[in-house]
Structure formats: C-alpha cells, structure tokens
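1. sequence first, then the predicted structure, then my questions.
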Amino acid sequence: GWGGSAGAPQGQSQGEVKLFVGNLPLNVTQDALRDEFAKFGNLIEAFLFKRGTETAKGAFVRYSDRNCAQRAINTMNNSQFM
C-alpha cells in the first residue's frame, strides 16, 4: 500500500503548489497516480519517477493552488493507495 508521505506544500509561481509523494506501491502507474490525485482539484502535473525500469520510487504532483494541495495531503497522508 501507500504509506503516504505527501510533503508540505512548496509554493511555485502563480500560486501553484508541488508535493512529493513517497512510499508508493511498486506497481503504481502514471495513469493511476494521475487519476488518484486529480480527485482533489486542478492537477497540473503528475510525475512518477522509477528506480530502474520497473518499480516506482516516488512522484511529484502539482496543483493550481494551495487548497487543492492541502486536500490531497489531508486525504492521502498515511493512507493506502491502490
């Protein structure tokens, strides 16, 4: 499952906020990541980075504003993903 280490929002230009997402399941996909985090508001970007070619290591998600990011943190932190 997802241990959920959605980090504190980091301010970006024009009110955008980027979050780090860690402890992802090894088999998570880019589409699953995007679908899960789009639930919390205007998701601008979801970037999954992998160790080697097969296992997820972590991700960054970027929202249009702090409120969307805070909803994601409140819901996903310490929760199960997939």
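-> Yes, it's here.

2. all contacts plus neighbour counts: C-alpha atoms, from now on.
-> Noted.

3. which residues in the chain form helices?
-> Ranges of helices in the chain, per DSSP state H, are 30-38, 66-76.

4. now those helices as TSV including mean pLDDT, mean neighbour count and distance to residue 59?
-> What follows is these, written out as TSV (pLDDT from 0 to 100; neighbours: other C-alpha atoms under 10 Å; distance: least, C-alpha to C-alpha, whole Å):
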stretch	mean pLDDT	mean neighbour count	distance to residue 59
helix 30-38	95	16	8
helix 66-76	96	18	13
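
5. out of these, nearest to residue 51?
-> Evaluated over the helices of the chain, closeness to residue 51 peaks at helix 30-38, with 14.0 Å, by C-alpha to C-alpha.

6. please save the CA atoms from the closest one in CSV.
-> In CSV, the C-alpha atoms belonging to helix 30-38 read as follows (Å, rounded to 0.1, in the frame of the first residue of the first chain):
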residue,chain,number,x,y,z
GLN,A,30,1.4,7.1,-14.2
ASP,A,31,-2.3,6.9,-15.1
ALA,A,32,-3.3,5.6,-11.6
LEU,A,33,-1.2,8.3,-9.9
ARG,A,34,-2.9,11.0,-12.1
ASP,A,35,-6.4,9.6,-11.5
GLU,A,36,-6.0,9.4,-7.8
PHE,A,37,-4.6,12.9,-7.3
ALA,A,38,-6.9,14.6,-9.8
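
7. could you tell me the angle between that helix and helix 66-76?
-> Going by axes from the mean of the first three to the mean of the last three C-alpha atoms, to 10 degrees, helix 30-38 is angled at 110 degrees with respect to helix 66-76.

8. and helix 30-38, how far out from the chain middle?
-> The chain centroid and the centroid of helix 30-38 are separated by 8 Å under C-alpha atoms, centre = their mean, to the nearest Å.

9. ok, now stretch 42-61?
-> That offset, for stretch 42-61, works out to 8 Å (C-alpha atoms, centre = their mean).
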